[in-house]
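1. I'd like to go over a predicted model; first the sequence, then the structure.
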Amino acid sequence: MKKNIFRTLSVVVAAAAILTGCASKNSANGRTVEQIKKSGKVVIAVFSDKKPFGYVDENGLYRGYDVYFGDRIAKDLGVKVEYVPVEAASRVEVLATGKVDIVLANFTRTPERAEKVDFALPYMKVALGVVSPEAALIEKPEDLFGKKLIISKGTTAETYFTKNYPEVELLKFDQYSEAYNALVDGRGAAMSTDNTEVLAWALENPGFKVGIESLGSLDAIAPAVQKGNKSLLDWINNEIVSLAEEKFFHADYEETLRPVYGAAADADNLVVEGGQM
């Protein structure tokens, strides 16, 4: 009997030690810079289907404007990078649950989101845009009354139209690829998301045009970390300021966005250097 009690107590103590060890690896606010460096890997959430910002190419590799930045973050941390695909509606959740260290998924900074995650300095500026078939071009929000507007769940487009144009029926999808397929199939009159993204998509899809190029306020796209992770937040902010010396994000634009936009967009109207809007 005593042996069984002793054995049970030993198991309980061992389990407690394991749990304590796990807790020590990750703070309640996410991994610190020191812990990331010690592990040899930084985990970053990006889109896998939002070209040219975050997507998987024909070779199965992550590419895009956000990924270019993620590669540099890993390099300057001195670690490898693991990219985790994320849907728009899950960007807050993957941070809150500690599944990733950083979100670099075309993440627009809003007051509501800032209550749940910590945003670093911006690296891009953006407004909403609306793309539709050229033959039935949507040129103002009122053109959508009585029609369906396609959006992705958890985006600023969903928030904006729900608040400002409740007359517009929203057709919602989890993934951007699903939303664009719905537009091509004619299941909605138009689609709305970041103007930078719809412009790029329209350029690659003949028969569609961005009829509303800028809607709502000019917003900032920024990296996000788990709420309270001051160590990683400060490191990213310092990194963004430091990268301004080499005009890193202009180089990122030329590598990842210029081949898509060509003369249809100006880098200075989109890129943010040193976190200064």
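-> Sure thing, it's come through.
2. Show me the strands in this protein, by range?
-> For the chain, the strands defined by DSSP state E cover 41-46, 49-50, 54-56, 62-63, 80-85, 102-103, 117-119, 124-133, 148-152, 169-173, 190-194, 208-221, 224-226.
3. what's the burial count for the closest residue to K50 other than its chain neighbours?
-> Of all residues not flanking K50 in the chain, Y176 sits nearest, at 4.9 Å (C-beta to C-beta, 6 or more residues apart in numbering). C-beta here means a position set from N, CA and C on the backbone, and glycine is covered the same way. By other C-beta atoms under 10 Å, 26 other residues sit near Y176.
4. which residues sit in contact with Y176?
-> Y176 makes contact with F47, D49, K50, A88, S152, T193, E197, according to C-beta atoms under 8 Å, 6 or more residues apart in numbering.
5. If I look at E197, what pLDDT would I see?
-> Looking at E197, its pLDDT is 89.
6. And the helices in the stretch 1-150 of the chain?
-> For the stretch 1-150 of the chain, the helices defined by DSSP state H, counting those that start in this stretch occupy 2-25, 33-39, 65-77, 91-96, 111-114.
7. Could you give the number of residues near D71?
-> Using other C-beta under 10 Å, D71 has 16 neighbouring residues.
8. Check the gap between it and L215 for me.
-> Distance of D71 to L215, computed by C-beta to C-beta, to the nearest Å: 32 Å.
9. Nearest residue to G275 in space, ignoring adjacent ones along the chain?
-> Nearest residue to G275 in three dimensions, chain neighbours excluded: L121, at 2.8 Å (C-beta to C-beta, 6+ apart).
10. May I see the buried residues of stretch 47-59?
-> F47, S48, K50, K51, P52, F53, G54, Y55, V56 (16 or more other C-beta atoms under 10 Å).
11. Okay then, goodbye and thanks.
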